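> show me how the following folds:
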Amino acid sequence: MSQSTLREVEHEITVSAPADTVYRYIAEVVNWPRIFPPTIHVEHLERAPGTERIRIWATANDEAKTWTSRRTLAPEDRRIGFRQEVSTPPVAQMGGAWLFEPLDDGRTRIRLLHDYRAVDDDPAGLEWIDRAVDRNSRSELDALKRNVEAAVSADELTFDFEDSVTVRGRAKDLFDFIDRADLWAQRLPHVAEVDLREPSPGLQSLEMRTRAKDGSTHLTKSYRVTFPHRSIAYKQVTLPGLLDLHTGRWTFAEDEATGITTATSQHTVTLKPDAVEGVLGAGAGVADAREYVRGALSANSLATLGHARDHAEGAAGG
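The predicted model follows:
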């Protein structure tokens, strides 16, 4: 493979936030599903001072992909290097770096560098990568600017909460109930239709039409990453009017000594402040939206967990 087949591209954006703050948002990968629209989930595989190995699940040209990368972290230089360890075709090799340059007025210039090759130097594959890198880079930088600036100015817009149930049953049975979302239309009263697809093991696309209390239905789409029989992480990509972000995780913690499992549904959401009055009425504010969103999501989560508990306890004969 000749050196001439290596493609090198650069994207940049300016953010109204200090360079150290912006660096931290990229360095801490737990933030990625919140600040990057294509990112579904990120897991640490290895961690050591100045370096780490991570697995990323994300969309590219509306296709869900997963890959493993190594990163080098240099906070003193405000630089983060990355290199895909296991790429997904048509990508043969990909790497690059994030650079964060402080400006005199307290803003930060972010430069995102990529270098890559296509499998077998295929021109069609290279064109696919060009489009995916350009689309995702622009999307990531725009989202990073928007979400970092929002986080600096208004922490109340993003919040986390969770609901749990205690079950006399196995984590495996609870996991299976949540994993088999293709059966939810038969198992859950608030679910009208489901389309569950698994393009690769452990990576799912879930489209679901759910019923509201007034009888209306609405369609949602999520990507899910499964970790049998511990957890299922997801990111909702079609959002209701009040939200700019919704990510979550189902977790199942079993105490083998007692046979009791704690099943938890965790949510992270970011509100869309300009939509609050349009959805909730004149005079409604962020506090009203927080209460409304938490109530609606918790109601569905607890309903699902309740049915999962019945399933698991029935399987256990309890």
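> got the CA coordinates for stretch 210-227 in PDB?
The C-alpha coordinates for stretch 210-227 follow below in PDB (Å, rounded to 0.1, in the frame of the first residue of the first chain):
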ATOM      1  CA  THR A 210     -45.600   3.900  22.100                       C
ATOM      2  CA  ARG A 211     -49.000   4.900  23.400                       C
ATOM      3  CA  ALA A 212     -49.500   8.000  25.500                       C
ATOM      4  CA  LYS A 213     -52.200   8.300  28.200                       C
ATOM      5  CA  ASP A 214     -54.500  10.300  25.800                       C
ATOM      6  CA  GLY A 215     -54.400   7.300  23.400                       C
ATOM      7  CA  SER A 216     -52.100   9.000  20.800                       C
ATOM      8  CA  THR A 217     -48.900   7.200  19.700                       C
ATOM      9  CA  HIS A 218     -45.500   8.500  18.800                       C
ATOM     10  CA  LEU A 219     -42.500   6.900  17.100                       C
ATOM     11  CA  THR A 220     -39.000   6.800  18.500                       C
ATOM     12  CA  LYS A 221     -35.700   5.400  17.300                       C
ATOM     13  CA  SER A 222     -32.800   4.300  19.400                       C
ATOM     14  CA  TYR A 223     -29.500   2.500  19.000                       C
ATOM     15  CA  ARG A 224     -28.600   0.100  21.700                       C
ATOM     16  CA  VAL A 225     -25.400  -1.700  22.800                       C
ATOM     17  CA  THR A 226     -25.800  -4.900  24.800                       C
ATOM     18  CA  PHE A 227     -23.500  -6.400  27.400                       C
END
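> buried residues in it?
Thr210, Ser222, Tyr223, Arg224, Val225, Thr226, Phe227 (16 or more other C-beta atoms under 10 Å). Using the backbone N, CA and C atoms, a C-beta is placed for each residue, glycine as well.
> helix or strand for the second one, which one?
Right, Ser222. Assessed by DSSP states H and E, Ser222 sits inside strand 217-227.
> mind listing residues that contact that strand?
By C-beta atoms under 8 Å, 6 or more residues apart in numbering, the surrounding residues in contact with strand 217-227 are 40-41, 57, 59, 64, 66, 179, 181, 192, 202-212, 232-238, 240.
> which ones among the residues you listed lie within strands?
When DSSP state E defines the strands, the subset of the contacts of strand 217-227 inside them is 40-41, 57, 59, 64, 66, 192, 203-211, 232-236.
> and the buried ones among those, selectable in PyMOL?
Here is the PyMOL command that picks out the buried ones among the ones in strands among the contacts of strand 217-227, judged by 16+ other C-beta under 10 Å:
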select buried, resi 40+41+57+59+64+66+203+204+205+206+207+208+210+232+233+234+235+236
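> can you pull out the helices in the stretch 51-200 of the chain?
123-153, 171-179, 184-187 (DSSP state H, counting those that start in this stretch).
> out of those, which one sits most buried?
Comparing the helices of the stretch 51-200 of the chain by mean neighbour count (mean count of other C-beta atoms under 10 Å), helix 171-179 ranks first with a mean of 22.
> could you list the low-pLDDT ranges of the chain?
Within the chain, the stretches with pLDDT under 70 are 1-4, 153-155, 318.
> and Gly317, which of the three is it?
Following DSSP: H, G, I helix; E, B strand; the rest coil, the label given to Gly317 is coil.
> roughly how far apart are it and Ala181?
Counting by C-beta to C-beta, to the nearest Å, the gap between Gly317 and Ala181 amounts to 25 Å.
> neighbour count for the two, which is higher?
Of the pair Gly317 and Ala181, Ala181 is the one with more neighbours under other C-beta atoms under 10 Å, namely 23 against 7.
> ok, the more buried one - contacts?
Neighbour list for Ala181: Val194, Leu196, Gln204, Leu206, Met208, Arg224 [criterion: C-beta under 8 Å, 6+ apart].
> what distance do you get for it to Ala150?
Between Ala181 and Ala150 the distance is 31 Å, computed by C-beta to C-beta.
> quick one: buried residues of stretch 278-292?
Buried-residue list, stretch 278-292, by 16+ other C-beta under 10 Å: Val279, Leu280, Ala289, Arg290, Tyr292.
> of the residues you listed, which is the nearest to His11?
His11 has its nearest neighbour among the buried residues of stretch 278-292 in Ala289, at 33.0 Å by C-beta to C-beta.
> which SSE is the closest one in?
Using DSSP H and E, Ala289 falls in helix 286-315.
> strands of the stretch 1-150 of the chain, start to end?
7-15, 39-48, 51-60, 63-74, 79-86, 91-102, 108-118 (DSSP state E, counting those that start in this stretch).
> and the host helix or strand of Ala253, which strands flank it?
Per DSSP H and E: Ala253 is located in strand 243-255. Partners of strand 243-255 in the sheet, by DSSP bridges, are strand 231-236 (antiparallel), strand 260-271 (antiparallel).
> neighbours of Leu302, how many?
Neighbour number of Leu302 under other C-beta under 10 Å is 14.
> also Thr238?
Neighbour count for Thr238, taken as other C-beta under 10 Å: 12.
> which residues does the residue nearest to it when sequence neighbours are not counted bridge with?
Closest residue to Thr238 apart from its sequence neighbours, by C-beta to C-beta, 6 or more residues apart in numbering: Lys221 at 4.4 Å. Beta-bridge pairing for Lys221 (DSSP bridges): Glu207.
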